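Undergrad: Need coordinates for the following:
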Amino acid sequence: MKGYFICKYCKKTIKNSNLLGNFQRNHCPYCLWSRHVDEKKSGDRKSFCKGMMEPIGLVFKNEKTDKYGIKRQGEIMLIHLCNKCGKISINRISGDDNPEIVLDVFNFSKTLPEEVMEKLNLSKIEILQEKDREGINKQIFGAK
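TA: Below is the predicted model of the structure:
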């Protein structure tokens with residue numbers, strides 16, 4: 001049935017919704033795990049892998065500079081790593097994602113093995129660090 005899926009990791013039923021801009025969501029809002037279904041671009045659903053994609057970290061979306069030359073901080077994005085084939089993908093966080101789990105992913109990212117960090121570096125992905133915590137909290141919980 002179109003419009004929902006059952007998370008392969010936590011087994012919860014997730015409904016897609018246009019209200020939050022997540023009609024083609026690619027991860028569970030409860031555990032943030034995903035499935036490797038996209039091959040070249042988000043939404044193409046052409047991957048044959050179908051492996052489980054673990055949320056391993058956060059990154060800020062690259063944003064261009066404004067007309068005054070000031071680079072704007074982009075939205076928080078999830079970094080997923082396929083446990084089957086090793087593909088890395090970056091995905092938008094949805095409005096209904098569990099904010100505490102997003103923070104758990106951030107904290108978990110500090111314990112990533114060196115080989116995963118090297119793979120991120122080779123992919124030119126700058127995983128968020130402790131210095132980014134204020135920006136993360138601001139985006140997740142609003143200005144304080």
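Undergrad: What's the mean pLDDT across the longest strand anywhere in the chain?
TA: Using DSSP state E, we find that the single longest strand of the chain is strand 52-60. Strand 52-60 shows a mean pLDDT of 96 in the predicted model.
Undergrad: Give me the distance from that strand to the chain's centre.
TA: 5 Å (CA atoms, centre = their mean, to the nearest Å).
Undergrad: The helix or strand following it pairs with which strands?
TA: Toward the C-terminal end, the helix or strand that comes next after strand 52-60 (DSSP states H and E) is strand 76-82. Each strand paired with strand 76-82, and its direction, by DSSP bridges: strand 52-60 (antiparallel), strand 88-92 (antiparallel).
Undergrad: Bridged to the residue nearest the centre of the chain, which residues?
TA: For the chain, the residue nearest the mean C-alpha position is Leu78 (1.7 Å; CA atoms, centre = their mean). Beta-bridge pairing of Leu78 under DSSP bridges involves Leu58, Asn91.
Undergrad: Quick check: pLDDT value at it.
TA: The model reports Leu78 with a pLDDT of 96.
Undergrad: go on, Phe23?
TA: You'll see Phe23 listed with a pLDDT of 53.
Undergrad: still on that earlier bit, list the buried residues for the longest strand of the chain?
TA: By neighbour count, with 16 or more other CB atoms under 10 Å as the criterion, the buried positions of strand 52-60 are 52-60. C-beta here means a position set from N, CA and C on the backbone, and glycine is covered the same way.
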